[in-house]
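Colleague: Show me how the following folds:
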Amino acid sequence: MKINGLLVVGLAAGSIGLSGCALALVGAGAAGGYAIGRDSVTDHFDLSSDRVYEESLKVAERMGLVKLQDETNGLIKATIDDANVTITVTPLTEKTVELSVKARDRLLLPKVSVAQEVYTQIAEGL
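Modeller: Modelled structure (predicted):
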C-alpha cells in the first residue's frame, strides 16, 4: 500500500513537470480526493446538482458579493476576498456532479487560496 502511494505521488510529480500545468490530487473529497490547479479546486460529489448548487450559492452569499447566479447552467460568479470567484456545478451522471471553484484577482492572477477556502466551506456544508 505504501509503495502504491509513493508511485502515485511520483507519477503525479512527474506529470506536473511534463505538462507545465500544476495539478495535484489532495484531500478527502467525496470521490477520494479533489484536484487543485493554478487557480481552481475541482471535486466530484455523489449528490444532486440542485443540492450542490444551493450550498455553493449559500456559501458565496455568506463569504462575499454574488454578481451572477444561473441555476440552469450551474454557474455562480462572486467577489470574495478581493478575488473574482467562479463556481460551476456540472452534472456528470444522474448521481454525480462536478464542483469547480476558480478564483483570480483583479489583475487575473490566480488566487488558489481563495478557491480552496470557498471549496472547503461548500464541502463542509454538503
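
Colleague: quick one, strands of this protein?
Modeller: Here the chain has its strands, by DSSP state E, at 24-26, 34-36, 40-45, 65-70, 75-80, 83-91, 97-104.

Colleague: okay, those in CSV with distance to Leu57 next?
Modeller: Glycine gets a C-beta too; all of them are placed from N, C-alpha and C. Formatted as CSV, those follow (distance: least, CB to CB, whole Å):
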stretch, distance to Leu57
strand 24-26, 25
strand 34-36, 20
strand 40-45, 15
strand 65-70, 6
strand 75-80, 6
strand 83-91, 8
strand 97-104, 12
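
Colleague: For these, give me TSV that also has mean pLDDT, mean neighbour count and distance to Tyr53.
Modeller: Shown next, in TSV, are the strands of the chain (pLDDT from 0 to 100; neighbours: other CB atoms under 10 Å; distance: least, CB to CB, whole Å):
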stretch	mean pLDDT	mean neighbour count	distance to Tyr53
strand 24-26	42	14	24
strand 34-36	83	21	18
strand 40-45	94	22	11
strand 65-70	96	13	9
strand 75-80	97	20	8
strand 83-91	97	21	5
strand 97-104	96	23	8
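
Colleague: Nearest to Gln116, out of those strands?
Modeller: Counting by CB to CB, Gln116 lies closest to strand 40-45 out of those; the figure is 5.5 Å.

Colleague: got a list of contacts for that closest one?
Modeller: Strand 40-45 has contacts (CB atoms under 8 Å, 6 or more residues apart in numbering) with 27, 29-31, 33-35, 52, 92, 96-103, 112, 115-116, 118-119, 123, 126.

Colleague: what angle separates that strand from strand 97-104?
Modeller: Following axes from the mean of the first three to the mean of the last three CA atoms, to 10 degrees, one obtains 170 degrees for the angle between strand 40-45 and strand 97-104.

Colleague: Strand 40-45 pairs with which strands?
Modeller: Strand 40-45 has the following strand partners under DSSP bridges: strand 34-36 (antiparallel), strand 97-104 (antiparallel).

Colleague: now do the same end-to-end measure for stretch 36-43.
Modeller: Terminal residues of stretch 36-43 lie 9 Å apart, using CA to CA, to the nearest Å.
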